[in-house]
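Need coordinates for the following:
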Amino acid sequence: MMLGRLNSWLRGPGSCLPRLLLLLALLTMCGSLTYQAVEFANDWRDPRSRGFLEWFRGDEGSRDALTTTQRDTCPGAPFVLPTDGYIGLLWGDPRGPYSQERPHQGIDIFSAAEPGLTPVFAAYDGYVSREEEWRSTIIQRVPEDPLEPSRQIWLYYTHMADRDGDDFIEEAFAPGGGERFVEQGTLLGYTGDYNGNSVRSIGVHLHFSIVRDDGYGRYTNELDIENTLDPSPYLGLNVNYTCPGENSGCSAAAGC
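Numbering: from 1, shown residues only. Predicted structure coming up:
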């Protein structure tokens, strides 16, 4: 019956072309929604996604069990974890809103507190800058990569603002300011939930990534995972999605 009605509609008065275009658009939309539904189901079947459910549905006790706090460096690793929380999305993570083609470029550390309360610290010594248009972001230049001293790297910290873009970044790092030296452990700001103009809620968290230099003293595009480095050996934590094992504590063989 449905096919008969569709056939009558297509053969009705007037040009058939607009109807065909509308039909194709509807079919494309249905295909896209189906694909997204399948991807969503796959994400939640991933064993690592159970932690997300425990975190977002859990009470204070269960969240404490998922929280990673690493104020001192792990043995053999140069960085401290820049904030406390649940490391929910890992480097190379294909789960939504990312994909196999465009995996996550850093780590997301989720806070159980309201925006503006969980402190963010410098993971290492370096020079902090903030572009004029950056509302929730700072970047830190490390002249000598501690694991490969022949190159320069950059540490990228973002989402340090509320949903309206009111930032929680320390006043010392004002927009347009650059090259302010800080030592490891210096307070940089507080975690937030700013997500630009998107209506999608992202939860209170810090996105942290290690970005490659372009060879001319500038950071490369952080949105491309090829321009970032696996944070695991720098933190001494297993935060690479493709690596087996937990990421809640120091590991002698972080990374893979």
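
End to end on stretch 152-166, go ahead and measure it.
31 Å (Cα to Cα, to the nearest Å).

can you give me how far it is from the chain middle?
Relative to its chain's centre, stretch 152-166 lies at 11 Å (Cα atoms, centre = their mean, to the nearest Å).

Same question for stretch 136-150.
18 Å.

for stretch 113-126, same thing?
With Cα atoms, centre = their mean, you get 15 Å for stretch 113-126.

what about the helices in the protein?
2-10, 17-45, 50-57, 60-66, 232-235 (DSSP state H).

tell me the mean pLDDT over the longest one?
To tie it back to what came earlier, the one meant is helix 17-45. The predicted model assigns helix 17-45 a mean pLDDT of 44.

Then stretch 237-249?
Rounded mean pLDDT across stretch 237-249 is 83.

Ends of it, what's the gap?
Note: stretch 237-249 ends 6 Å apart using Cα to Cα.

Stretch 217-235 now?
24 Å.

buried stuff in stretch 97-106?
98, 103-106 (16 or more other Cβ atoms under 10 Å). No exception for glycine: its C-beta is placed from N, CA and C like everyone else's.

could I get that stretch in CSV with only the CA atoms?
Taking Å, rounded to 0.1, in the frame of the first residue of the first chain, the C-alpha atoms of stretch 97-106 are listed here in CSV:
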residue,chain,number,x,y,z
PRO,A,97,31.7,12.4,18.1
TYR,A,98,34.9,11.0,16.4
SER,A,99,35.3,8.2,13.9
GLN,A,100,37.8,5.8,12.5
GLU,A,101,38.6,8.3,9.7
ARG,A,102,38.9,11.2,12.2
PRO,A,103,39.9,9.9,15.6
HIS,A,104,40.4,11.9,18.8
GLN,A,105,43.6,13.9,18.8
GLY,A,106,44.2,14.1,22.5
